[in-house]
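Participant: next one to model:
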Amino acid sequence: MKITATVLNEVEAHRVVVCTGESSRSIEIPPKETGSGSSVNGGELLMAALATCYCNDIYREAAKRKINFESVEVEAEAEFEAEGEAAKAVSYRACVKARASEDDIRALVVHTDKVAEIQNTVRAPTPVLLKSIEAITVSMNL
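Facilitator: Prediction:
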């Protein structure tokens, strides 16, 4: 399954499109007040990816165990100490309310931690490669 995200930022416009396979949808993220860049930073989106993946995977894994939920709340956090440095102290917490015993819920939570794809991607030494560059000069006449 191929997943992509495309960001297009122009003067006072910011568009984000995500695709999984043939399904694509836009995510509403406004530009910075200056117009250059996104009002949401990459660290925030990374934490949102961790929380979203885990939340979705809890429901996926719970369905296999026939556990019904009231709610799932996931909060992810990390420390970014300086520009260009990788995050440190990446962690997340989960609060799960379900129609199941506490032991069954805890077992589900621990199991889901082991199979959550984004968590496992961040944990693995996965290379991130810059595949291509397209540099386009525009008219500089003022």
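
Participant: for the residue positioned nearest the centre of the chain, what are its contacts?
Facilitator: Note on the chain: the residue nearest the mean C-alpha position is Ala49, at 1.4 Å, using C-alpha atoms, centre = their mean. Ala49 makes contacts with Ile118, as judged by C-beta atoms under 8 Å, 6 or more residues apart in numbering. Yep, even glycine has a C-beta here, placed from its N, CA and C like the rest.

Participant: check which helix or strand covers the residue nearest to Ala100 when sequence neighbours are not counted.
Facilitator: Nearest residue to Ala100 in three dimensions, chain neighbours excluded: Ile67, at 4.7 Å (C-beta to C-beta, 6 or more residues apart in numbering). Per DSSP states H and E: Ile67 is located in neither a helix nor a strand.

Participant: how about the helices in the chain?
Facilitator: If DSSP state H is used as the criterion, the helices of the chain fall at 42-65, 102-115, 117-123.

Participant: for Ser24, what are its contacts?
Facilitator: So Ser24 contacts 17-18 (C-beta under 8 Å, 6+ apart).

Participant: which pLDDT value does the model give it?
Facilitator: For Ser24, the pLDDT comes out at 96.

Participant: with the one 10 residues further on instead?
Facilitator: Per-residue confidence at Thr34 stands at 82 (pLDDT).
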